[in-house]
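Student: My questions concern the predicted model and sequence given below.
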Amino acid sequence: MNRLQNLFAKRGVTSIFSSLSSIVIGLFIGLLLLFGFNAPYAIGGFFKILNTGLSGAYNFSKVLYQAAPLIFTGLSVGFAFKTGLFNIGASGQYTMGAFFALAAAIQFQMPWYVAVLAAMVGGGIWGLFPGLFKALFNVNEVITSIMFNWIALFLVNLLLANMPMMLANYWGAANPDRTASVATANSNALIPTLGLDKLLHSDYMNISIFLAIGVAVICYIILNRTTFGYELKACGYNRNASVYAGINAKRNIVLSMVIAGALAGIGGAISYLNGPVQYVIKKEILAMGFNGIPVALLAAANPIGIIFSGLFISYIQIGGNALQPEFSSEIINIIIAAIIYLSAVSLLIKELITRIIRKKKNEELAESENGDLPNNSEGVAKQ
Amino acid sequence: MNILIDIISSTVLFAVPLMLVALGGMFTERSGVINIALEGIMIIGALTSCLFMSYLDGIGYGPEHPLFSMLLAILLAALAGGIFSLLLAFAAVNLKADQVIGGTALNILAPSLAIVITWAIQGQGETTVLIPTWARITRETLGLSEGGGFLSDLIYKNLYLTTPIAFLVLIISIILLYKTRFGLRLRSCGEHPQAADSVGINVYKMRYAGVTISGVLAGVGGLAFTMAAGSGFQATVAGYGFLALAVMIFGNWKPVNILGASLFFALFKIIGSYSSTLPFLPDFSNVNSSEYIYLMLPYVVTMIVLVLTSKRSAAPKAEGIPYDKGKR
């Protein structure tokens, strides 16, 4: 029992516990909805959500394909979050990344790694603006990045409409409303598969999930094992205190947003440098950037946690697609929304847990030492 | 002349939802809560009122009493928006959660909920709720005779009950915010909640009020947007909730400036779609899809204005910070 309490006293463990409880409650809400809308199919539908992702190589590869950009946009949101910034602009950075990658691949016929680097530049530029505006003019980054989401969308649409070589109809396909398939235009620009596509019998499969895991580990190291990461987090906890300690907060805010933008940009590159996928010109903001927000929040912005939460969100989304036609697949988004709402209030749950444990521990301490330490602060400090 | 009527009336038509929602945003931010969920609240307001109108249309009551039915629909949109916004108020005020995260959750929730519900009511894949024709106010609705000059043509071109109500809301907002005790208290909670609390103002109550007012106005704004868009409710308000945030900032959190800002944004949207037919506009003839230039411009201008006015910004000082009584 004592060991369990010690375990819960650790910050990371409480985070995981509160994330898991958000997930369980969220899924339960989903189950209730399934019952509410179409009771006879509810149990079957719920199991579809839970096991479709593992029900075959094709679905599994789709989970991995979709998880990779989710992890990248999640890392983007999470990285900025550690510096105390809310990067709601991952969507625009993702869009710019996709455009830069496709331009490098199709217009300039570059290999895939150049296209990914180009995407980092594109996303980074789109993160630079909100960062600069925040650092120099103290304009709220949430507002700036929302504006830049729309600017990115319309700018990319405008540019694509004026770059005939980028569009599918230039390469012999019928539709002028989407970019050319990278497979026909420049197969060197496809993310390498290393035979994984044959292994899992899916065109979607490539090494992008491993890239995502690798970058997540790098982010973890930067944030937790370097001076730079320490400075970033210090700015996030208390900007004034970090300035007082001699940290250049303005530079760190800008750098953090640029890195966040570059991460979202890679996400854009890897989702579109893929055989069966094409960028369709629409007037709607791409959802992938917004889905990075739940991924990051569910993992409490921890880069390693983001790997798992990205896989989880992708997993239930693939499960949700299998719900149709008995249910609308949008039920998954309700579950995700519930999970985020719960993780927004999870701070409260976390506090509650630590408070209960502290109280118990203090009581026990007081008992075992015959009241020598009545509710003192020392017992708390030891934890 | 006809094109002038078209442009003016459509500008007003699209300015109405922007202004309503931006005024809502103003109330919540003046109380100290950032409401990023305006987009989601608009969708919920539009969903309930459109379903209600299509129900009234089905039972035949709507076509007989169009004005009263519209009024009921507007009230319902306000009610639905207000209730939905309580979810944000609960997280932001009671639980002191991050307001942006709570708002993001509601934004993801609303369109999915709308699709799931319309799907359940109208059958698989039928996610469009059509707006009955009686929703538009014509001369016939009011029992007037045909004809009657430029001004009358202009008024009846695109007239919905939401338009006069929006102007009423604007006037009430100005009075409420600047001329009443409630307005003063609300503003003080957004500037310095600790000071407000020290003189006996209930900050939590004021913030609840701010968020709920924004929910009510955003709900009506959602209905107004759906009617302006014209093709029925399709589980989206096309980013107008976010655009309204830009309008609010562009209008510097002040009601009259917000009116100007919403007209400005709406005008750019309309000009974009008319750019090929208006001779005095640069038509960018060597550019494909030049409408995107006009769609992009309001955001770019907002960005520039934000930067230029950042020193004189009237943004409430305490916005976005959860108020904790025990904190110093």
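Tutor: Ah, there it is.
Student: Okay, now the unreliable bits of the stretch 201-328 of chain B?
Tutor: Within the stretch 201-328 of chain B, the stretches falling below the threshold (pLDDT under 70) are B:275-286, B:327-328.
Student: tell me which parts of it are close to chain A?
Tutor: Contact residues (C-beta under 8 Å from any C-beta of the partner chain) of the stretch 201-328 of chain B with chain A: B:236, B:238-239, B:242-243, B:245-246, B:249, B:287-290, B:292-293, B:295-296, B:299-300, B:302-303, B:306-307, B:310, B:315, B:320. C-beta coordinates here come from the backbone N, C-alpha and C atoms, glycine included.
Student: Looking at those residues, which are in helices?
Tutor: With helices defined by DSSP state H, the entries of these inside them are B:242-243, B:245-246, B:249, B:292-293, B:295-296, B:299-300, B:302-303, B:306-307.
Student: Just the buried residues out of those residues, in PyMOL syntax.
Tutor: Typed into PyMOL, the line below selects the buried ones among these, using 16 or more other C-beta atoms under 10 Å in any protein chain shown:
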select buried, chain B and resi 242+243+245+246+249+292+293+295+296+299+300+302+303+306+307
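Student: For B:Thr163, state which of the ones in helices among the residues of the stretch 201-328 of chain B next to chain A is nearest.
Tutor: Out of those, the one with the shortest distance to B:Thr163 is B:Leu243. That distance is 18.4 Å, counting by C-beta to C-beta.
Student: got the contact list for B:Tyr323?
Tutor: Residues touching B:Tyr323, when contacts are defined by C-beta atoms under 8 Å, 6 or more residues apart in numbering or on different chains, comprise B:Gly32, B:Val93, B:Lys96, B:Cys189, B:Pro193, B:Gln194, B:Asp197, B:Val203, B:Tyr204, B:Arg207.
Student: quick one: which of these sit in helices?
Tutor: When helices are assigned by DSSP H, the members of these inside them are B:Cys189, B:Pro193, B:Gln194, B:Asp197, B:Val203, B:Tyr204, B:Arg207.
Student: mind listing what the last one touches?
Tutor: Right, the one you point to is B:Arg207. Residues in contact with B:Arg207, defined by C-beta under 8 Å, 6+ apart, are B:Ser31, B:Gly32, B:Val33, B:Ala89, B:Ala92, B:Val93, B:Cys189, B:Tyr323.
Student: redo that, cut-off 7 Å
Tutor: Taking C-beta atoms under 7 Å, 6 or more residues apart in numbering or on different chains as the contact definition, B:Arg207 lies against B:Ser31, B:Gly32, B:Val33, B:Ala89, B:Val93, B:Cys189, B:Tyr323.
Student: Do a quick rundown of the helices in the stretch 201-350 of chain A.
Tutor: A:208-225, A:227-237, A:239-244, A:249-272, A:287-298, A:303-321, A:331-344, A:346-368 (DSSP state H, counting those that start in this stretch).
Student: The longest helix that chain A contains near chain B at all?
Tutor: Within chain A, and with DSSP H defining each element, the longest helix by residue count is helix A:11-51. Yes: looking at helix A:11-51 against chain B by C-beta under 7 Å from any C-beta of the partner chain, the contacts come from A:Phe37.
Student: domain ranges for chain A?
Tutor: Per automatic domain parsing, the structural domains of chain A span A:1-55+A:328-383, A:59-301.
Student: wait, which of those is closest to B:Thr11?
Tutor: domain A:59-301 (19.4 Å).
Student: tell me the average confidence for that closest one?
Tutor: Model confidence over domain A:59-301 averages 91 on the pLDDT scale.
Student: Export the domains of chain A to JSON lines and append columns for mean neighbour count and distance to B:Gly102.
Tutor: Listed next are these as JSON lines, based on neighbours: other C-beta atoms under 10 Å in any protein chain shown; distance: least, C-beta to C-beta, whole Å:
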{"stretch": "domain A:1-55+A:328-383", "mean neighbour count": "16", "distance to B:Gly102": "5"}
{"stretch": "domain A:59-301", "mean neighbour count": "22", "distance to B:Gly102": "11"}
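Student: Next, format the ones you listed as CSV and append distance to B:Phe150.
Tutor: Rendered in CSV, the data for these read as follows (distance: least, C-beta to C-beta, whole Å):
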stretch, distance to B:Phe150
domain A:1-55+A:328-383, 46
domain A:59-301, 33
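Student: just so I know, which of those domains lies nearest B:Pro255?
Tutor: For the domains of chain A, the distance to B:Pro255 is smallest for domain A:59-301, at 19.3 Å, taking C-beta to C-beta.
Student: Ends of that closest one, what's the gap?
Tutor: Separation of the first and last residues of domain A:59-301 by C-alpha to C-alpha, to the nearest Å is 27 Å.
Student: For the closest residue to B:Ile213 other than its chain neighbours, give me its contacts.
Tutor: Excluding its sequence neighbours, the residue lying closest to B:Ile213 (C-beta to C-beta, 6 or more residues apart in numbering or on different chains) is B:Phe27, at 4.3 Å. By C-beta under 7 Å, 6+ apart, the contact set of B:Phe27 is B:Gly210, B:Ile213, B:Ser214.
Student: quick one on the thing from earlier: go through the contacts of B:Tyr323 and name the one nearest A:Gly195.
Tutor: When the contacts of B:Tyr323 are compared against A:Gly195 (criterion: C-beta to C-beta), the nearest one is B:Lys96, at 51.6 Å.
Student: which outside residues touch stretch A:59-67?
Tutor: For stretch A:59-67, using C-beta under 7 Å, 6+ apart, the contacting residues are A:52-54, A:200, A:202, A:204-205, A:209, A:274, A:310-311, A:314-315, A:317-318.
Student: mind redoing it with 6 Å?
Tutor: Applying C-beta atoms under 6 Å, 6 or more residues apart in numbering or on different chains, the external contacts of stretch A:59-67 come out as A:Thr52, A:Gly53, A:Leu200, A:Ser202, A:Tyr204, A:Met205, A:Ile209, A:Gly310, A:Leu311, A:Ser314, A:Tyr315, A:Ile318.
Student: can you check stretch B:45-59 too?
Tutor: Counting by C-beta under 6 Å, 6+ apart, stretch B:45-59 makes contact with B:62, B:69, B:73, B:76-77, B:80-81, B:114, B:129, B:132, B:219, B:222-223, B:226, B:233, all of which sit outside it.
Student: B:Met248 and B:Glu29 touch, don't they?
Tutor: No: with the criterion set as C-beta atoms under 6 Å, B:Met248 and B:Glu29 do not qualify as a contacting pair; they are 7.1 Å apart.
Student: What's the PyMOL line that selects buried ones from the contacts of B:Tyr323?
Tutor: Paste this into PyMOL to select the buried members of those, with burial taken from 16+ other C-beta under 10 Å:
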select buried, chain B and resi 32+93+96+189+193+197+203+204+207
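Student: Out of the contacts of B:Tyr323, which is nearest to chain A?
Tutor: Minimum separation from chain A among these (C-beta to the nearest C-beta) is found for B:Lys96, which lies at 7.6 Å.
Student: Chain neighbours aside, what residue packs nearest to that closest one?
Tutor: Taking C-beta to C-beta, 6+ apart, and ignoring the residues beside it in sequence, B:Lys96 has B:Pro322 as its nearest neighbour in space, at 3.8 Å.
Student: Assign a three-state SS to that neighbour, would you?
Tutor: Classification of B:Pro322 by DSSP: H, G, I helix; E, B strand; the rest coil places it in coil.
Student: Please find the angle between the direction vectors of the helix or strand harbouring B:Ile101 and helix A:11-51.
Tutor: B:Ile101 is part of helix B:99-122 when elements are defined by DSSP states H and E. Relative orientation of helix B:99-122 and helix A:11-51, computed by axes from the mean of the first three to the mean of the last three C-alpha atoms, to 10 degrees: 20 degrees.
Student: So for helix B:99-122, what gets flagged as buried?
Tutor: Under the neighbour-count criterion of 16+ other C-beta under 10 Å, helix B:99-122 has B:99-119 buried.
Student: Now, the contacts of B:Phe27 that are in helices?
Tutor: B:Gly210, B:Ile213, B:Ser214.
Student: can you tell me how far the last one sits from chain A?
Tutor: Meaning B:Ser214. Summarising the geometry, the distance separating B:Ser214 from chain A, computed by C-beta to the nearest C-beta, to the nearest Å, is 16 Å.
Student: now that residue: how far from B:Pro63?
Tutor: For B:Ser214, the distance to B:Pro63 under the criterion C-beta to C-beta, to the nearest Å works out to 33 Å.
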